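Chemist: this one's structure only:
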């Protein structure tokens, strides 16, 4: 089976930097995704990591360590619109490469 | 590109009736589509995986006779909630894979189902 853990909630201040961690246990690991989801809306794709290291994309960066079963999403220069849930999802090299989502982290950005 | 639509965006139905939700890939052929359910303040839970022309694969604990999935073409999958009950009220989201980026799933906007 697969087990994916994230903190339930985080708070941060506008303009700051926040790191959202995700730990996972899965067999046949084939990639890790980060999605952003605003309330009542569908998830939107942020990043995909399959190899160890840091992927940077504007204000968002994502890091993966396969040996440690660990990833983080780094958000810089936080804006109020970044208040949302951030979902970590893992795909395994079995079946149809389905995504298994973590519990999600609700981020609240305050002024 | 890679747009997925869902219809309806919200629906209210009476207990005991059936509801059909459509998921369409608008500008690409979706070899695989996924159906998720999301309860308030919870994450997405995969219900089933469907491939065009074959039977859906359901996740453990999901009743296949209650949640009927049909993937009749490379651009359309439907989820029918049969004999709906209030506990089926949820946000149902589909996703599709098969676009230009092979690993990515493209999500529809979701359907809010309320069973009274």
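Modeler: Arrived safely. Keep in mind it's a predicted model, so treat the numbers as computed, not measured.

Chemist: any idea of the pLDDT on residue 42?
Modeler: Because you didn't say which chain, this covers chain A. On pLDDT, residue A:42 comes in at 88.

Chemist: sorry, I should have been clearer: chain B.
Modeler: pLDDT, the model's per-residue confidence, is 88 for residue B:42.

Chemist: could you do residue B:2 as well?
Modeler: Here the pLDDT value assigned to residue B:2 is 81.

Chemist: that one reaches residue B:30, doesn't it?
Modeler: No - Residue B:2 is beyond contact range of residue B:30, at 9.7 Å (criterion: C-beta atoms under 8 Å). Yep, even glycine has a C-beta here, placed from its N, CA and C like the rest.

Chemist: the two: who's more crowded?
Modeler: The neighbour comparison of residue B:2 against residue B:30 (other C-beta atoms under 10 Å in any protein chain shown) goes to residue B:30, with 29 against 18.

Chemist: where's the more buried one relative to residue A:26, distance?
Modeler: With the distance defined as C-beta to C-beta, to the nearest Å, residue B:30 ends up 25 Å from residue A:26.

Chemist: quick check: residues of chain B near chain A?
Modeler: Contacts of chain B with chain A, taken as C-beta under 8 Å from any C-beta of the partner chain, map to B:32, B:34, B:41-46, B:49, B:51, B:57, B:91, B:93, B:95, B:97, B:103-110, B:112.

Chemist: now the buried members of these.
Modeler: B:32, B:34, B:43-46, B:49, B:51, B:57, B:91, B:93, B:95, B:97, B:104-108, B:110 (16 or more other C-beta atoms under 10 Å in any protein chain shown).

Chemist: now, the residues you listed that are in strands?
Modeler: Among those, the residues falling in strands (DSSP state E) are B:32, B:34, B:45-46, B:49, B:51, B:57, B:91, B:93, B:95, B:97, B:106-107.
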